[in-house]
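>>> model the structure of this input:
(one chain, ligands or ions: 1)
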Amino acid sequence: MNIILLGAPGAGKGSQATKLKEYYAIPHISTGDAFRSNIARGTEIGVYAKSFIDKGQLVPDDLTVKIVEERLSHDDCKNGFLLDGFPRSIPQAEALEKIAKIDYVINFVIDTEKVVKRLGGRRTCACGETYHVSTHPSNICDKCGKELYIRQDDNEETIRNRMAVYEKTTAPLVGFYKERGLVVDVDANGTIEETFQKIIELVK
Ligand code: AMP
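As a prediction, this is how the structure comes out:
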């Protein structure tokens with residue numbers, strides 16, 4: 001099953017991807033994670049991508065599409081994949097149509113203020129796990145024991161920019177995929193478990 005997780009930053013795509021990859025036994029491909037890994041390793045891609053990410057802007061389409069195309073060519077994607085954070089623009093979606101056939105686009109529907117609150121208190125682990133400071137005040141990851149950190153783009157000004165970019169450039173993808181009959185709307189205001197149950201009911 002080839003699935004796109006579409007939704008505003010902080011809508012919970014990453015948290016759902018962690019559960020869905022186990023449930024469907026398919027890889028989780030996050031362009032945000034790919035960029036952060038490049039930044040951490042100090043690669044040329046990382047240095048270039050960081051200049052956009054730190055401002056809450058999108059990394060240019062050509063580089064982003066190249067990274068996804070390369071990743072989707074790996075053997076572990078043969079039985080399906082979960083795309084998280086890609087595509088994020090119409091040109092990216094058009095490029096993806098030439099690379100792979102998509103079965104479902106899960107559209108995370110969530111209130112903007114909820115997103116700003118979620119991202120403002122988000123604590124991230126290098127293993128991919130995320131927490132909210134209100135429900136997990138400890139600075140240590142329950143899963144792997146590493147120290148949590150605050151993503152550099154999880155500050156209020158950058159969050160607002162990311163939301164504006166989402167509305168202008170990414171939200172039109174809902175219409176793009178609705179025209180193709182691929183969209184499943186999911187209310188993402190609830191808990192991780194509630195949203196997960198809704199998704200697996202709808203995506204069969
Ligand atoms: P995320 O972890 O998905 O919130 O992504 C973090 C940041 O990485 C975004 O705010 C963008 O700057 C960049 N990024 C991630 N995915 C894409 C994409 N598909 N196109 C362009 N930039 C992206």
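>>> so which residues on this structure come close to the ligand?
Proximity of the chain to the ligand is assessed by CB under 6 Å from any ligand atom, with 9, 31-32, 35, 52-53, 56-59, 64, 85-88, 92, 153, 162 identified as the residues in range. For every residue, glycine as well, the C-beta is placed using N, CA and C.
>>> and if we set it to 8 Å?
By CB under 8 Å from any ligand atom, the residues of the chain that approach the ligand are 9, 13-14, 30-36, 49, 52-53, 56-61, 64, 68, 84-89, 92, 151, 153, 162, 165.
>>> just want the residue of the chain that's nearest the ligand.
Nearest residue of the chain to the ligand, counting by CB to the nearest ligand atom: residue 32, 2.0 Å away.
>>> the closest residue to that residue other than its chain neighbours: neighbour count?
Counting by CB to CB, 6 or more residues apart in numbering, residue 85 is the residue found nearest to residue 32 once chain neighbours are left out, at 4.7 Å. Using other CB atoms under 10 Å, residue 85 has 23 neighbouring residues.
>>> for residue 85, what are its contacts?
Residues near residue 85 by CB atoms under 8 Å, 6 or more residues apart in numbering: 5, 13, 30-32.
>>> next one: residue 170
Residue 170 touches 6, 8, 88-89, counting by CB under 8 Å, 6+ apart.
>>> ok, now residue 169?
Residue 169 touches 58, 88-89, counting by CB under 8 Å, 6+ apart.
>>> same question, residue 112
Contact criterion CB under 8 Å, 6+ apart gives 8, 163 as the residues in contact with residue 112.
>>> how far off centre is stretch 98-109?
Its chain's C-alpha centre lies 13 Å from the corresponding centre of stretch 98-109 when counted by CA atoms, centre = their mean, to the nearest Å.
>>> now it: buried residues?
By neighbour count, and taking 16 or more other CB atoms under 10 Å as the criterion, the buried residues in stretch 98-109 are 100, 102, 104-108.
>>> coming back round to it: show me the contacts of residue 85 that map onto strands.
The members of these that map onto strands under DSSP state E are 5, 30.
>>> so what does residue 106 have for phi and psi?
In this entry, residue 106 is assigned phi and psi values of phi -90, psi 110 (degrees, to the nearest 10).
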